[in-house]
Each structure stands twice: as C-alpha cells, then as structure tokens.
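# How does the following fold in three dimensions:
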Amino acid sequence: MEPTEILRELAIIVIAAKFFGLVARKLRAPMVAGEIIAGLLIGPSLFGLVQSSDFLSGMAEIGVILLMFSAGLGTDIKQLEATGLKATLIACAGVFVPLICGTLLYMSFYGFSPIGSESFYKAVFIGTILTATSVSITVEALKELGKLSGSIGTTIMSAAIIDDVIGIIVLTIVIGFKDPDADIVSVIFHTVLFFVFAIGVGIIIYKVFKRIDKRYPHTRRIPILGLALAFSMAFVADYYFSVADITGAYIAGVILSSLDDSDYISRKMDINSYMLFGPVFFCSIGLQTNVKNLDMTILIFSLCFVAVGLLSKVLGCGLMSKILGYRWGDSFKIGVGMMTRGEVALIVAQRGLAAGMMNEAYFTAVILLIIVSSIVTPIILKILYDRYPETA
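As a prediction, this is how the structure comes out:
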C-alpha cells in the first residue's frame with residue numbers, strides 16, 4: 001500500500017469514527033458502537049472507501065494493546081483478589097456453556113455425528129469459537145460509564161482474562177484431534193509458566209517503577225517507560241509463551257496499577273488511544289466483513305450462531321454469577337459484559353481454517369458475531385447500569 005493511500009484511509013477512518021461516535025453519544029449510546037458502525041459503512045459492505053490491510057491490522061493491534069494496558073492500570077488489586085475465585089468459576093461457566101451450545105447448533109444443522117468422526121470434531125470446533133471472550137469493547141464501554149474499576153467491572157475483567165486462558169487450552173485440545181503435532185501438555189505448561197513469570201518479574205518491575213516514580217513524580221518518562229513495558233510484556237507473552245499478547249499488556253497494566261502515578265500514566269495512554277489507535281481498532285471490526293457475500297444458508301446459520309453466541313455467554317456467566325451470590329441485575333451485567341467476541345475469536349477461526357476444521361464460508365458467521373456483540377453489548381450494559389445502579 002502506497003504511503004499516500006495509507007494517509008487517505010487513516011483520514012477517512014478518524015473522521016468517520018469520530019462523527020458516528022458523536023452521533024452515538026447524542027443518541028445516548030456508547031461511542032464505540034458508532035465507531036464500529038462507521039467501519040461497516042466505509043468498508044466493503046457499503047461504500048468501499050477503506051479496505052482491510054496488514055497496516056490497518058497492525059494499527060488495530062496496537063489499539064487493543066493500549067486499551068488492555070489502560071484496563072490493567074485501572075484494576076484494583078484488592079478487588080481482583082476478592083473476586084479471584086468467583087471470576088474463575090464464572091470464566092469456566094462462560095467456556096463450558098458456549099462450547100456445548102455451539103456444538104449442538106452445528107449438529108442441529110448438519111446432523112448428529114458419532115464421537116470421533118470428522119463431522120463431530122467440526123461441530124466441537126464451532127463451539128470452541130464461541131468460548132473466546134474479547135473484553136476490549138466492554139472495557140471501553142465500562143470506561144465511558146465510569147464503572148471499569150467497580151466490583152462488577154473488575155469481575156468481568158478478571159473472568160475475561162481467565163476465560164481466554166481456558167479458551168486457548170480448549171482450542172489446543174480440539175486442534176489436537178486434527179493435528180497430531182499439537183502438544184496439549186506443552187501449551188498448559190507454557191501458560192502456567194507465563195503467569196509464574198509475570199508474578200516474579202512483575203514484583204521486580206513494580207519496585208523499580210516505584211523508585212523511579214518516587215524520584216521523578218508526575219513526569220513524562222513514567223508513561224513512556226510504562227508503554228515500553230506494555231509492548232514488552234505483550235511480546236514476551238506471545239513470542240515466548242504462546243499466550244495472547246493482550247493478556248501480556250493487561251498484566252503490564254496490573255503491575256503498575258498500584259503506583260501513585262497510575263492515573264497519570266492512564267491519562268497519557270488514553271490520548272493515543274482516543275486520537276488514533278482506538279478508532280482504527282473499532283473501525284477495523286466493521287472493515288473485516290462484507291455482508292454482500294452472504295447466501296441464504298450461511299445467513300440462517302450465521303443468525304443462529306450469533307444468537308447462540310450471545311445467549312450462551314449470558315446464560316453461563318449470568319447464572320454462575322447468581323449462584324455465587326450476585327444480584328440478578330449484577331448477574332446480567334456480568335453475563336452481558338462477557339458476550340463480546342473479537343480478535344481471539346478471529347484467531348481461533350483462522351487456526352481452524354488452517355487445520356481444515358472449518359469451511360471458510362462460516363468465517364462470515366464469526367465476523368457477524370463480532371460486529372453484533374460489539375455493538376449490542378455496550379448498549380445493553382448502559383441500560384442495565386441505568387436500571388440497576390451498582391451498590392458500593
């Protein structure tokens with residue numbers, strides 16, 4: 001792509017994202033919903049002004065990392081410890097219920113196959129796609145509502161991180177049915193090893209940053225070093241431990257969340273995210289689909305896939321939250337907050353395509369789920385918070 005073409009597309013994305021974001025805000029909906037619709041309108045589905053590219057994908061990935069780093073900075077460690085066990089149980093329910101529901105959905109369309117058959121594994125893989133949670137949209141919505149660091153927001157964040165870890169393990173197991181080279185034990189070992197590494201290194205890094213913050217309080221070097229840490233942890237997580245890079249970025253934010261200047265770092269990160277990388281990320285969701293290519297069969301399956309994907313998360317996470325003692329209103333918030341799918345679901349689908357476990361025609365269903373969940377989740381969350389205010 002020519003540099004001038006990149007500049008043209010970036011200008012269109014920023015203008016469209018901010019315009020529709022402001023329209024969404026005027027309609028009392030979260031700005032992110034407008035930014036995603038902007039991507040759908042300027043993408044191949046309608047006007048075709050901007051095409052998805054490797055450059056824009058890279059920009060969107062930086063946007064995700066910045067967003068998750070900011071989310072980590074806003075995490076209350078004490079509340080995280082208090083919700084740790086509950087978040088784990090919610091995450092387990094948020095993986096198990098969608099996995100079963102997605103498998104049954106595929107079998108309902110294409111027949112119930114015996115365990116061990118190729119069709120059975122394809123059905124299980126469809127369920128595996130539904131296990132992934134992308135909390136990025138929810139994080140932005142909670143930030144706009146001022147509820148990110150609250151008890152419910154922290155529970156959602158904790159459960160989503162654990163959900164992705166469990167989802168990656170499930171993906172590896174399912175791929176192992178098709179690919180004999182997949183080492184399930186190795187993946188589990190590397191995942192555990194990353195969190196052990198993060199705890200050990202995190203303590204050291206926190207002490208170093210605390211000394212720097214004490215000596216040079218409220219200076220720009222603190223957020224610059226923090227940004228470097230976010231990128232470093234994202235790289236280490238993905239390259240050395242095969243863990244999602246956004247998990248590494250979130251952990252980097254958690255490491256620095258107890259600093260006196262954590263709010264200052266977060267404000268500096270928000271400037272970059274709000275001005276450029278955030279709009280590119282949210283628009284890219286709309287750019288990655290083309291509704292013109294849908295036929296009736298795929299459309300019906302896609303609509304059912306979306307419905308099952310949304311409801312199974314609300315059912316699994318919401319009911320588990322209620323069992324754990326949350327109010328019905330708060331249980332719905334947690335269930336809805338876990339509905340969003342994003343980059344992790346795309347990665348899972350791509351792995352399935354590469355392994356021959358999914359036909360590329362069904363990739364449209366995944367894109368549609370990401371778009372619908374990304375638009376619907378912030379709107380429903382706002383309604384729920386208005387109707388069921390969070391108690392102290």
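
# Now do the helix or strand residue 24 falls within: which elements does it pack against?
Per DSSP states H and E, residue 24 falls inside helix 3-26. Packed against helix 3-26 by the contact rule (3 or more Cβ pairs under 8 Å, 6 or more residues apart in numbering; DSSP states H and E) you find helix 31-42, helix 54-73, helix 278-287. C-betas here are computed from N, CA, C, even on glycine.

# Tell me what angle the shortest one forms with helix 54-73.
Spelled out, it's helix 278-287. Going by axes from the mean of the first three to the mean of the last three Cα atoms, to 10 degrees, helix 278-287 is angled at 120 degrees with respect to helix 54-73.

# Export helix 278-287 to PDB, keeping only CA atoms.
Extracted in PDB, the C-alpha atoms of helix 278-287 (Å, rounded to 0.1, in the frame of the first residue of the first chain):
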ATOM      1  CA  GLY A 278      -8.800   3.300  19.300                       C
ATOM      2  CA  PRO A 279     -10.800   4.500  16.300                       C
ATOM      3  CA  VAL A 280      -8.700   2.300  13.900                       C
ATOM      4  CA  PHE A 281      -9.300  -0.800  16.100                       C
ATOM      5  CA  PHE A 282     -13.100  -0.300  16.400                       C
ATOM      6  CA  CYS A 283     -13.500   0.600  12.700                       C
ATOM      7  CA  SER A 284     -11.400  -2.500  11.700                       C
ATOM      8  CA  ILE A 285     -14.100  -4.700  13.200                       C
ATOM      9  CA  GLY A 286     -16.500  -3.400  10.600                       C
ATOM     10  CA  LEU A 287     -13.900  -3.400   7.800                       C
END
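
# Contacts for it, please.
Helix 278-287 is touched from outside by 10, 13-14, 16-18, 21, 32, 35-45, 50-52, 56-57, 59-61, 63-64, 66-67, 136-137, 140, 342, 370-371, 374, with contacts defined as Cβ atoms under 8 Å, 6 or more residues apart in numbering.

# rewinding a little: of the helices and strands packed on helix 3-26, which stretch is the most buried?
Of all the helices and strands packed on helix 3-26, helix 278-287 has the most neighbours on average by mean count of other Cβ atoms under 10 Å, namely a mean of 28.

# Heading C-terminal from that one, find the next helix or strand.
On the C-terminal side of helix 278-287, the nearest following helix or strand under DSSP H and E is helix 296-323.

# Distance from the chain centre to that following helix, please.
Centroid separation for helix 296-323 versus its chain: 16 Å, with Cα atoms, centre = their mean, to the nearest Å.

# Remind me what the helix or strand encompassing residue 156 packs against, helices and strands.
Under the criterion of DSSP H and E, residue 156 resides in helix 151-178. Contacts defined by 3+ Cβ pairs under 8 Å, 6+ apart place helix 151-178 against helix 77-82, helix 84-110, helix 118-131, helix 136-145, helix 184-215, helix 245-256, helix 328-337, helix 343-354.

# ok, back up a step: the helix holding residue 24 versus helix 31-42: what angle between them?
Our comparison of helix 3-26 with helix 31-42, counting by the same axes, to 10 degrees, yields an angle of 130 degrees.

# hang on, the earlier thing: and residue 223, which of the helices and strands packed on helix 3-26 is closest to it?
helix 54-73 (9.9 Å; Cβ to Cβ).

# okay, the angle between that closest one and helix 136-145?
50 degrees.

# Give me the angle between helix 54-73 and helix 245-256.
On the basis of the same axes, to 10 degrees, helix 54-73 is oriented at 30 degrees to helix 245-256.

# Give me the below-cutoff pLDDT ranges for the stretch 51-200 of the chain.
76, 78-83, 116, 168, 172, 175-184 (pLDDT under 70).

# Go again with 80.
Within the stretch 51-200 of the chain, the stretches with pLDDT under 80 are 71, 74-84, 113-118, 134-141, 143-151, 161-162, 164-188, 190-191.

# Residue 298 touches residue 363, doesn't it?
No: Residue 298 is not in contact with residue 363 according to Cβ atoms under 8 Å; the separation is 9.7 Å.

# Please enumerate the shared neighbours of these two.
With Cβ under 8 Å, 6+ apart applied, the contact sets of residue 298 and residue 363 do not overlap.

# Mind telling me what element residue 380 is part of?
helix 363-387.

# any idea of the mean pLDDT in that helix?
Summarised as a single mean, pLDDT over helix 363-387 is 84.

# How about that helix, which residues are buried there?
Using 16 or more other Cβ atoms under 10 Å as the test for burial, helix 363-387 gives 363-382, 384-385.
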